[in-house]
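# Only the shape, not the letters, is given here:
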């Protein structure tokens, strides 16, 4: 992951380095969030005695996300050696190091969980794999917000406490929505999606009414408008649609599609906000 200087200060030295992450990184944020919360939902569904096909599909989301995520990171880094280089040591002070090791641990747990499922093994080892996957998955879905917030880029650093909640809630809603679109129309998934949408609506209120003028100003640019659109699609819009789904059944499917799209758009929006913030 590289950066390019865009603002100069003393003797033309850069004051801040704007991120030049390409499409792989926001897509990784999105897919990693889906995968992580897929493992969480799988473990919760199993503990609650949910339908076996729901548990299987949630595990499958976790596994596929775990398989795709390293490829996206390696594509951004340029060559596999750089990804392996990051695994030489574990730095708990580094959000990036914690994230990479979390991805590795999560990938192992998600793979083991799905493999044990297809092998018909349901004993303690399977429970441990699900539990580890759920814990690592929750970290994977939220650490990306921390990763942005601990940088020197003002717009990201200003929201260091909100971004992990924002990314986690949008990922939770998106994962529940994906399972719904796969045919699982259970009341529990609907409740999860409603809770996630409510959290996203509160996050949007936090940005608009609890933040200062400088924080609100960042939503006036193209990146800000993109992030706001994503927030609406993961918060207020699905919340209203799910509220009328009892009278308009198709509204639930529309809410699921909007939530998935909004969760993806949100990541691209926040990367664009960071670029604008560093340049200004």
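Structure's in. What do you need? Everything quoted here is computed from the prediction, not taken from an experiment. Residues are numbered from 1 along each chain as shown.

# only C-alpha atoms for contact and neighbour calcs from this point on.
OK.

# tell me what the longest helix along the chain is packed against?
Identified as the longest helix of the chain according to DSSP state H is helix 250-279. Secondary-structure packing of helix 250-279 (3 or more CA pairs under 8 Å, 6 or more residues apart in numbering; DSSP states H and E): strand 17-19, helix 24-47, helix 154-157, helix 163-181, helix 222-234, helix 236-243.

# residues of it that come out buried?
251-278 (16 or more other CA atoms under 10 Å).

# chain center to it: distance?
10 Å (CA atoms, centre = their mean, to the nearest Å).

# ok, for residue 265, nearest residue in space, not its chain neighbours?
In this structure, residue 265 finds its nearest non-sequential neighbour in residue 230, 5.1 Å apart by CA to CA, 6 or more residues apart in numbering.

# Surely that neighbour touches residue 268?
No. The pair residue 230 / residue 268 is not scored as a contact, 9.1 Å apart, by CA atoms under 8 Å.

# What pLDDT does the model give the residue nearest to residue 171 when sequence neighbours are not counted?
Of all residues not flanking residue 171 in the chain, residue 33 sits nearest, at 5.1 Å (CA to CA, 6+ apart). As predicted, residue 33 sits at a pLDDT of 96.

# Residue 20 too?
pLDDT for residue 20: 68.

# And the nearest residue to residue 45 once chain neighbours are set aside, how far from residue 113?
The shortest distance from residue 45 to any residue other than its chain neighbours is 6.1 Å, reached at residue 55 (CA to CA, 6+ apart). For residue 55, the distance to residue 113 equals 10 Å [CA to CA, to the nearest Å].

# Looking at the two, which one has more neighbours?
For residue 55 versus residue 113, the count of surrounding residues by other CA atoms under 10 Å is larger for residue 113: 31 against 21.

# Three-state assignment for the more buried one, please.
helix (DSSP: H, G, I helix; E, B strand; the rest coil).

# and the helix or strand hosting residue 70, what other elements does it pack with?
Using DSSP states H and E, residue 70 sits in helix 52-77. Using 3+ CA pairs under 8 Å, 6+ apart, the elements in contact with helix 52-77 are helix 24-47, helix 80-85, helix 95-118, helix 163-181.

# try 6 Å
The contact analysis (3 or more CA pairs under 6 Å, 6 or more residues apart in numbering; DSSP states H and E) places helix 52-77 against helix 24-47, helix 95-118.

# what's the burial count for residue 120?
10.

# What's the separation between it and residue 45?
17 Å.

# same thing with residue 243?
24 Å.

# If you count surrounding residues, which of those two has more?
Just comparing residue 243 and residue 45: by other CA under 10 Å the higher neighbour count belongs to residue 45, 19 against 14.

# The longest helix of the chain to helix 24-47, inter-axis angle?
Interaxial angle, helix 250-279 versus helix 24-47 (axes from the mean of the first three to the mean of the last three CA atoms, to 10 degrees): 140 degrees.

# Residue 24 touches residue 71, doesn't it?
No. Contact criterion CA atoms under 6 Å: residue 24 and residue 71 do not qualify, at 9.0 Å.

# circling back: and of the helices and strands packed on helix 250-279, who's closest to residue 146?
Nearest to residue 146 among those is helix 163-181; the distance by CA to CA comes to 5.8 Å.

# Could you list the buried residues of whichever strand or helix holds residue 126?
Assigned by DSSP H and E, residue 126 belongs to helix 124-149. Buried residues in helix 124-149, counted by 16+ other CA under 10 Å: 126-127, 129-149.
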